[in-house]
Every structure is written in structure tokens, then in C-alpha cells.
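Chemist: Whatever this is, show me its structure:
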Amino acid sequence: MQLDFDRVIDRRRTESNKWHKYPPDVLPLWVADMDFRSPEPVIRALRERVEHGVFGYGVEQPEFYEVFLDRLQTRYGWRVSPEAILVIPGVIPGFNLAARALTAAGDGLLLQTPVYPPIGRVPDNVGLTSDEMQLDLQPDGRYAIDFERFEAAIGERTRMFLLCNPHNPVGRVFRRDELERMAEVCLRRGLLICADEVHCELTFSRQRHVPIASLDAEIAARTITLMAPSKSFNLPGLKCAVAIIPNASLREKFVAAQLDLVRAVNVLGYTAALAAYRDGQPWLDALLRYLEANRDFVVEYARSKLPGVRAASPEATYLAWLDCREADLPDSDPYTFFLDEARVAL
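Modeler: Numbers count the residues shown, from 1 in each chain. Presented below is the predicted three-dimensional model:
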């Protein structure tokens with residue numbers, strides 16, 4: 001399929017958070033929001049729904065569940081029962097809800113840093129302590145898990161591990177053996193797992209995403225998995241995500257925390273998500289080829305043109321994580337330097 005990902009689209013007049021945060025002369029590369037048109041099947045489905053002209057309260061769409069469950073089976077070999085699926089308006093509400101529903105004030109939340117800032121804010125949002133373990137930066141620029149440090153970060157009141165896989169921002173796709181070791185520690189120490197897997201469909205060639213809950217039934221019974229079409233199909237503004245909670249008791253607590261606070265997905269979000277999962281795969285395949293070429297360009301450019309800046313080659317996501325510690329920058333932090341001197345927001 002031939003798609004024009006090189007087309008430049010002006011988003012400044014579309015109430016875009018990405019393009020409105022900084023002055024017009026700044027190139028905004030600070031948020032995971034692509035500037036590509038979404039797949040034509042999604043645009044067509046939304047157009048047809050909008051032409052109907054009535055936007056009353058919606059109901060769950062059985063076809064969405066069928067398509068999503070088939071996708072889990074096809075892509076990951078993961079069989080999930082329909083009752084385990086909850087459709088929610090975003091992954092960020094999902095992991096905040098999970099922490100609110102399944103922990104108590106003063107409990108600990110285990111995080112792997114550096115990490116997506118909204119994940120780092122969960123402890124303060126919910127009244128938890130932050131039990132952090134830092135990922136190990138390897139000589140080749142990749143990040144790895146120090147499992148002794150991982151277990152040492154678990155305190156007496158640590159109740160939940162908030163996993164980000166594929167990892168934002170470092171781009172790791174954790175291998176099956178790494179997931180098994182993390183899961184074994186969590187089971188042995190009595191931790192629940194909340195897995196933010198929103199970037200799972202943006203894995204590059206030679207990588208395979210493994211949902212941690214797909215490892216076995218015992219792990220699935222202690223895991224809340226969060227996925228969405230938002231990153232892979234460029235639909236973040238339409239607010240549609242999925243929480244996969246096989247354990248009925250955990251699911252009931254999650255739903256109870258959700259009532260009248262985090263309401264149903266809007267009807268257009270449902271429409272877009274269904275069209276993306278059902279008809280958007282050719283677009284996604286082409287996108288991944290384009291993103292992988294961009295990744296390779298950025299990594300090589302940093303190596304050859306930016307002395308002291310190291311860009312690890314991400315295994316997933318369209319994010320570049322730059323190590324500027326050896327760059328000859330002024331005393332200001334890299335964010336300020338790139339913004340003020342290069343007019344690039346990172």
C-alpha cells in the first residue's frame with residue numbers, strides 16, 4: 001500500500017495541544033502525537049457517523065469486542081474472555097483508576113525510571129509512595145533491568161508494579177524472559193501488576209511484544225493490562241482505550257472506582273477504534289516501515305553529526321531518547337538549550 005507519510009499537514013488551527021504549547025517558530029517534538037493523517041478507513045467511518053447527525057448516549061458495540069479479542073489472539077496468541085474487557089476513555093485514566101481501586105493510602109507503587117511522566121505522577125494523584133528502581137543504561141545505549149535492584153525497591157507496603165512495556169521513553173520491548181522474571185518477583189512478593197502496553201503495536205522488525213498477562217493464568221489473575229489504538233493509529237484525541245482484567249474481583253473494584261467519575265467512551269471514539277482495529281492494518285504496516293527508517297536516520301545522525309549526543313535505537317515507539325551528558329552544552333539543562341538555541345521543544 002502506497003501512503004504519503006511525507007505530506008506536511010498544518011495543525012496549528014486545529015486546537016492541537018502539541019502545536020499550541022510553544023511559539024510558532026518552535027518545532028514541537030515534546031509529546032507522543034504523530035502528524036500523519038489517520039487511516040482512511042477511520043476517517044471514512046467517522047465521516048459516515050458524523051453525517052448521521054445525532055450524538056446521543058452510546059452503548060457498547062459487540063463488534064468492537066469481537067474484533068479486539070480476535071486481534072489479541074492473532075497478534076499475541078492470547079485468548080481473553082469477553083467479560084474481561086472494559087472500554088475506558090484512555091490509558092492514563094486506566095492506570096490511575098487501577099491504583100485508586102486496588103491500593104490504599106500510604107501503599108507503595110513500584111516504578112521503573114526514567115518513565116512516562118503521567119506514570120510518575122500516579123503516586124501523588126492517589127496518595128501512594130513511589131518505590132522506584134532505575135533502569136540500567138548499557139554501554140550500547142540500551143536499558144536493562146537490574147533484577148536485584150528491582151526486588152530491593154519493593155518495600156513492606158508496596159502493593160502494585162506499574163509496568164510500561166514497550167517502555168516510554170527508552171523504547172525497550174521487554175523480552176519474555178525479562179517479563180517472566182519480573183512477574184515471578186511480583187507473584188512471590190504479592191504485588192499486583194498494572195501494565196501500560198499502549199505502544200504494543202509500534203514494535204519494530206525483529207521484536208515481538210508479549211503481554212505480561214499472557215504468560216500464564218496465575219499472572220493474568222493479578223494483572224490489569226491497558227491497550228489502545230491511540231498511539232498506533234494516531235487517535236489520541238478520540239479517547240478510547242481498553243482495560244483487560246481477567247480477575248473478576250479486581251474487575252469489580254476497578255468498575256466501582258470508575259462509576260460516575262470516568263464515564264463511557266464517546267461514540268466517535270468507539271467508531272474510530274473499531275475501524276482502526278478492523279480495517280487499519282495495511283496502514284499500520286506501512287507506518288511501521290516509515291517509522292523504522294526515521295529511527296535509523298535519527299540514530300545515525302546523532303552518531304555522526306551531534307558530538308556527545310547518544311541516541312539509543314528504540315525497539316518500539318516513535319520516541320527518541322537522547323543522552324546528552326557528554327555533549328558540550330552550556331550550564332543550562334538540555335531541554336532549555338534545545339528550546340532556546342535550536343527552537344526545538346523536547
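Chemist: Would you map the strands across the stretch 1-150 of the chain?
Modeler: 27-28, 85-88, 108-113, 129-134, 136-137, 143-144 (DSSP state E, counting those that start in this stretch).
Chemist: same for the fifth one, what does it pack against?
Modeler: Yep, that's strand 136-137 we're talking about. strand 143-144 (3 or more C-beta pairs under 8 Å, 6 or more residues apart in numbering; DSSP states H and E). No exception for glycine: its C-beta is placed from N, CA and C like everyone else's.
Chemist: any idea how far residue 168 is from the residue nearest the centre of the chain?
Modeler: In the chain, the residue lying closest to the centroid (C-alpha atoms, centre = their mean) is residue 198, at 3.2 Å. Applying C-beta to C-beta, to the nearest Å, the value for residue 198 to residue 168 is 8 Å.
Chemist: Residue 251 contacts residue 245, doesn't it?
Modeler: Yes: contact between residue 251 and residue 245 holds when scored by C-beta atoms under 8 Å: they sit 4.1 Å apart.
Chemist: what do the two both touch?
Modeler: Residues touching both residue 251 and residue 245 (C-beta atoms under 8 Å, 6 or more residues apart in numbering) are 84, 86.
Chemist: higher neighbour count, the two?
Modeler: A count of neighbours by other C-beta atoms under 10 Å puts residue 245 above the other of residue 251 and residue 245, at 29 against 19.
Chemist: With the flanking residues excluded, which residue is spatially nearest to residue 104?
Modeler: residue 159 (7.6 Å; C-beta to C-beta, 6 or more residues apart in numbering).
Chemist: who does the helix or strand where that neighbour lies touch, helix- and strand-wise?
Modeler: Assigned by DSSP states H and E, residue 159 belongs to strand 158-164. Counting by 3+ C-beta pairs under 8 Å, 6+ apart, the packing neighbours recorded for strand 158-164 are helix 91-102, strand 108-113, helix 176-189, strand 192-196.
Chemist: Partner strands of it and their direction?
Modeler: Sheet pairing of strand 158-164 (DSSP bridges) gives strand 108-113 (parallel), strand 192-196 (parallel).
Chemist: out of these, nearest to residue 85?
Modeler: strand 192-196 (14.8 Å; C-beta to C-beta).
Chemist: quick one, the closest one and helix 176-189 angle?
Modeler: 150 degrees (axes from the mean of the first three to the mean of the last three C-alpha atoms, to 10 degrees).
Chemist: chain center to strand 192-196: distance?
Modeler: For strand 192-196, the distance from its own C-alpha centre to the chain's C-alpha centre is 12 Å (C-alpha atoms, centre = their mean, to the nearest Å).
Chemist: tell me which residues in it are buried?
Modeler: Using 16 or more other C-beta atoms under 10 Å as the test for burial, strand 192-196 gives 192, 193, 194, 195, 196.
Chemist: Name the next helix or strand following the longest helix seen in the chain along the chain.
Modeler: For the chain, the longest helix by residue count, based on DSSP state H, is helix 281-305. For helix 281-305, the succeeding helix or strand toward the C-terminus, using DSSP H and E, is strand 310-311.
Chemist: contacts for that next one?
Modeler: Contacts of strand 310-311 (C-beta under 8 Å, 6+ apart): 141, 298, 299, 302, 303, 320, 321, 322, 323, 326.
Chemist: Now do that strand, average pLDDT.
Modeler: Across strand 310-311, the average pLDDT comes to 90.
Chemist: next one: that strand to chain centre, how far?
Modeler: The answer for strand 310-311 is 22 Å, by C-alpha atoms, centre = their mean.
Chemist: That strand pairs with which strands?
Modeler: strand 322-323 (antiparallel).
Chemist: returning to that earlier point: buried ones in the longest helix of the chain?
Modeler: 281, 283, 284, 287, 288, 291, 295, 298, 299, 302.
Chemist: Show me what that helix is packed up against.
Modeler: Going by 3+ C-beta pairs under 8 Å, 6+ apart, helix 281-305 lies up against strand 310-311.
Chemist: May I see the buried residues of strand 192-196 arranged in a markdown table, with distance to residue 331 as well?
Modeler: Formatted as a markdown table, the buried residues of strand 192-196 follow (distance: C-beta to C-beta, whole Å):
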| residue | distance to residue 331 |
| --- | --- |
| 192 | 43 |
| 193 | 41 |
| 194 | 39 |
| 195 | 39 |
| 196 | 35 |
